[in-house]
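Undergrad: pasting a predicted model and its sequence here:
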Amino acid sequence: MLSRVASNLYWMSRLVERAENTARVLDVTWRMSLLVKEPALQDQEWFAPLNITGTLFPFSGRHSQVCAKEVLHFMALDPENPSSIYACARQARENGRAVRGSITSEMWEVLNSTWLEMQQMDEDKMLARGTSAFFDWVKERSHLFRGVTFGTMHRDDAYEFARLGTHMERADSTARILDVKYHILLPSVKEVGGAVDYYQWSAVLRSVSAFEAYRKVYRDVITPLKLAELLILRDDIPRSLHFCLRQVCDTLGKVQNAQSGETLRHAGQILSQLQYGRISEIFAGGLHEYLTEFLESMKALSGQVQQSFFSATLVE
Amino acid sequence: MPLSQELYNEMFDAHRRVRAHYSAFADWLSETPPARIEQNRQAADLLFHRVGITFAVYGEASGTERLIPFDIVPHVIPGAQWERLARGLRQRVLALNRFLHDIYHDQEILRAGRIPAATVNNNAQFRREMVGVDVPGGVYAHIAGVDIVKHNDGEYYVLEDNLRTPSGVSYMLENRKMMMRLFPELFAQQNIRPIDHYPDLLLETLRGVTQGEVDNPTIVLLTPGHYNSAYFEHAFLAQQMGIELVEGQDLFVLNNTVFMRTTQGPQRVDVIYRRIDDDFLDPLAFRPDSMLGVPGLLSAFRAGRVTLANAIGTGVADDKSMYPFVPDMIRFYLGEEPILKNVPTYLLGRPDDLGYVLDHLEELVVKEAQGSGGYGMLVGPTSSREERERYRQRILDAPERFIAQPTLSLSQVPTFVGDGLGDRHIDLRPYVLSGREVNFVPGGLTRVALREGSLVVNSSQGGGVKDTWVVD
C-alpha cells in the first residue's frame, strides 16, 4: 500500500491513543491533587503531566505558573499545543480524512463527530460538566474508535498499520507514566505514610485501568515491585510494555518488506528483554534508568518504522 | 447566422404532446402518487449527503461543500438519435487527437493553410515541450468530455471539447444508481441502456496505452488532494477501478522512471490518470511553486517511460479560439463531413468580428477564450444594459481574449422546482474514451439550469443534474 496512506493510518491511531492517555494522566493528577491539602503542594502535582508528555518546556514558554487551571487548559483544550487532546482529535481526523478511502465509514464518522463535538468544548463547559466527565468522554471516544476499527476494518495492511500506531503509542505512554512516578515506587521509600502511598500506587494502576487486574493477579496489597512487574513484564495486561511490544512485533512481522529486517530485529530485541526480564533485576539496576533506556529504544524504533515503511527511497 | 429563439422541449412536441421516447416515463409520472415522488426526492437528497457526493465551490468561504441538486425527471434520448450522436463524437475526438499529434509534429494542417499558424503557435496552451514527443497510439486526449446542446432545430451542437481533465462522470454514475434505487420499476418497464461499466472501460482504456508491452501495468490516479473540488470523484473512480489514488508526494522520478512510494518499497508506475492541470504537474518544468506535482515527471514522460492521461498540451485543441476550426480538422484529417454541428463563433481578435459583436452584444454570448466553468461570461439576452457596458470595456481592453456566439436556445426538460414541474434548459456531456479504440457508455452527464430561463448549467452557478437515458 501507499506509504502516505500507511503513515496517515499509523498516526491516526497513535493520536487517538495519545489523546486517551493524556486524558488518563490528567484525570489521575486531578484526583491526586484533591488529596493534597496545602495549595502550594497541590500545584506540585501538576508538574507530573507536563513531565510525562515532555511538554514542560513549551508550557513554561507561555505560562508563568504551573497550576491545575493552566495545565488542564494547556493539555486538554489548547489548540496551539500540538499534543493537547484538542489538537490530537483535530489531527487524527485530518489523518483519517486524507485516507478516507482506506478506512470504513463508521471509523470516519467516529473521528468526525468527535472532532465536531470537541470544537464545541471550552474551559467553562469542561468544568461545568466536571473534569472527570470530560476525560471519561475522551476515553469513551477512543474506546469507540478502537472498537469500530476492530469490528469493521478489512484485515489488510491498512489495519496492521493502524494497530501498530496504537501499540507504539501505548507502550511509550505507559513507560512515561511509570517513569514520572518512579520515585514513589522505589523500595527505599519508607512505608510510614501508608495511606498516601497506597493512594498514589492505586492511582497509577487506575490510570492504566489495571487496578482490578492487579487484585486478580496478586490477591495482595499493592507493592511497588509487583505494580512495576504488572505494568512492565506481564504479557496479559493490555497496557503493559510486554503486551504492547508483542503486538508491535506481531504487526511488524505481517507488514515486513525488504528494508524492514533491522526494524523487526530491534523490536524483537526489546520484546525479548521484556519476555525474559526479572523485576528484581530491573529495580537493582534502577527503575528510572531502565525506563529511560526503554523510551530511548522506542524512539529509535519509531524512527526505524518511519524509515522502513513511510519513506521508501531507491538507492541508485 | 441568426438562430430563432423558439424553444425545443425534449419531452413534449410543439403541441404539448408527449414525444414517443418519453411516453413510458410520462405514464409512470401520471400513475405515481405525488406523495411517493416527493418522498423519494427527499430520500435522494439525504442519500447524496450521506455518501458525501459534494463539490467545493471556489470563491465561497473556504471549505464550503455543497450538494449538486439532483432532479428525478430524466433526460431521455432515443436510441437512433444516440447512434448518430455517438458517430459524431467518435469522429470529432478522433480528429482532435490527430490534430494534436500533427501540431506537435509536422504541423501539416498549418502548412496547408487550414488554420492560421499563429493561432496555434502563439496559443498559451501550446506546449513547446511536447514538440516531437511520441505518445502511445498517438492518443493525447484519452478522456474527453464534449459538451453538447440541442437547439430548437432539433440538431445537436457541440459547445466545447473538454480535453484537459474533464470532470463530472461520477455524478453520471451516481445519478443512475440513485434512480435505480428510488424507482426500480422504471427500469423494468423499458429498455434503458446501462452505463455502470464506465469504470471498466476507463481502466481498459488506460491499460491499453502503456509505453510498450507491459504485462500487468501499474496505473494510478493522481489527485491534487482532498482540498480539490473534485476530490470525491477522484477517490470514487480510483476505488471503482481498484487503482491507487496518489498525490504528488507519493511519486518520485529516478532515472526518468516514475515510482510510487509503498510500504513494500518503490513500485514502478506505468500509466498516470492525472487530474492535475499541466501547470502543476512538474515543478521543475512548469510552475516552480507547485506542491502538487512530481519533480521530473515531464522528463520521464518525454523519454517515453510513463503515460500521462491526458497527455500534456491537449489544452491547445479545446481552447475556444481553436473551436471554430474543429470542423475543418475533421475534413482535413478524416476526409469526412462533420456529423455534429459547431456553433457559429466570432473571434474578437478579428476586426470584422469585433465590430459585429460590439453592435450585437444583447443577442450574443461572449466568453473568455481561456475561461471555464461559466465564470466571467456575458449572456446577452438576459443581461442588463450596465452589465453589457462593463463587459464592452473588458472586451476593448483585450479583444483577442474573447469569443462570441449566438445564444442557442438550449433544449428544455421538465424539472421539479419549488411548486411542481417547470421547463428548464439542459446540456449534455458524454465522456469519450480513446485508447486502442474509441469507447463510451451511452448517454453522459445531463446538467440543468435550475433558474427559470437561465442558460448557465454549471454546478458552480446553480446548476443541477439529471439521469440520462438512452432508450430503445
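TA: Nice, I can see it.

Undergrad: count of neighbours near A:Gln65?
TA: A:Gln65 has 10 neighbours, counted by other C-beta atoms under 10 Å in any protein chain shown. No exception for glycine: its C-beta is placed from N, CA and C like everyone else's.

Undergrad: typed the wrong thing, it's B:Thr415
TA: B:Thr415: 22 neighbours (other C-beta under 10 Å).

Undergrad: give me the secondary structure label for it.
TA: Of the three states, B:Thr415 takes strand according to DSSP: H, G, I helix; E, B strand; the rest coil.

Undergrad: look up which residues are beta-bridged to it.
TA: On the basis of DSSP bridges, B:Thr415 is bridged to B:Gly422.

Undergrad: wait, it touches B:Asp71, no?
TA: Yes: judged on C-beta atoms under 8 Å, B:Thr415 makes contact with B:Asp71 at a distance of 4.9 Å.

Undergrad: so what sits against both of these two?
TA: Counting by C-beta atoms under 8 Å, 6 or more residues apart in numbering or on different chains, the residues touching both B:Thr415 and B:Asp71 are B:Val448, B:Gly464, B:Lys466.

Undergrad: next, count neighbours for the first one.
TA: It refers to B:Val448. 24.

Undergrad: what ranges do the helices span in the stretch 51-200 of chain B?
TA: Ranges of helices in the stretch 51-200 of chain B, per DSSP state H, counting those that start in this stretch, are B:79-103, B:108-111, B:117-121, B:169-182, B:184-189, B:198-207.

Undergrad: can you list which of the shared contacts of B:Thr415 and B:Asp71 are found in strands?
TA: Counting by DSSP state E, these place B:Val448, B:Gly464, B:Lys466 in strands.

Undergrad: the residue lying closest to B:Gln264 once chain neighbours are set aside in helix, strand or coil?
TA: Among residues not flanking B:Gln264 along the chain, A:Asn257 sits closest, at 4.6 Å (C-beta to C-beta, 6 or more residues apart in numbering or on different chains). Look at A:Asn257: counting by three-state DSSP, its state is coil.

Undergrad: quick check: phi and psi at A:Asn257.
TA: Main-chain dihedrals, A:Asn257, degrees, to the nearest 10: phi -140, psi -170.

Undergrad: how many other residues sit next to B:Gly335?
TA: Residues lying near B:Gly335 (other C-beta under 10 Å) number 7.

Undergrad: and what of A:Gly130?
TA: A:Gly130 has 10 neighbours, counted by other C-beta under 10 Å.

Undergrad: how does chain A divide up, domain by domain?
TA: Split into domains by automatic domain parsing, chain A comes to A:1-153, A:160-311.

Undergrad: of all those domains, which one is nearest B:Asp427?
TA: Each of those was scored for nearness to B:Asp427 using C-beta to C-beta, and the closest is domain A:1-153 (30.7 Å).

Undergrad: end to end, how far does that closest one reach?
TA: Domain A:1-153 has an end-to-end distance of 15 Å (C-alpha to C-alpha, to the nearest Å).

Undergrad: out of the helices of the stretch 51-200 of chain B, nearest to B:Leu428?
TA: Each of the helices of the stretch 51-200 of chain B has some distance to B:Leu428 by C-beta to C-beta; the shortest is helix B:79-103, at 8.6 Å.

Undergrad: now do the closest one: distance to the chain's middle.
TA: 14 Å (C-alpha atoms, centre = their mean, to the nearest Å).

Undergrad: for it, packing partners?
TA: When contacts are defined as 3 or more C-beta pairs under 8 Å, 6 or more residues apart in numbering or on different chains; DSSP states H and E, helix B:79-103 sits against helix B:108-111, strand B:143-150, strand B:156-162, helix B:315-318, helix B:326-329, strand B:431-434, strand B:438-439, strand B:463-471.

Undergrad: out of those, flag the one nearest chain A.
TA: In terms of C-beta to the nearest C-beta, the element of these nearest to chain A is strand B:143-150, at 20.6 Å.

Undergrad: number of nearby residues for the nearest residue to B:Met377 once chain neighbours are set aside?
TA: Excluding its sequence neighbours, the residue lying closest to B:Met377 (C-beta to C-beta, 6+ apart) is B:Lys367, at 4.4 Å. Neighbourhood size, B:Lys367 [other C-beta under 10 Å]: 22.

Undergrad: before we move on, what about A:Asp172?
TA: When neighbours are counted by other C-beta under 10 Å, A:Asp172 registers 22.
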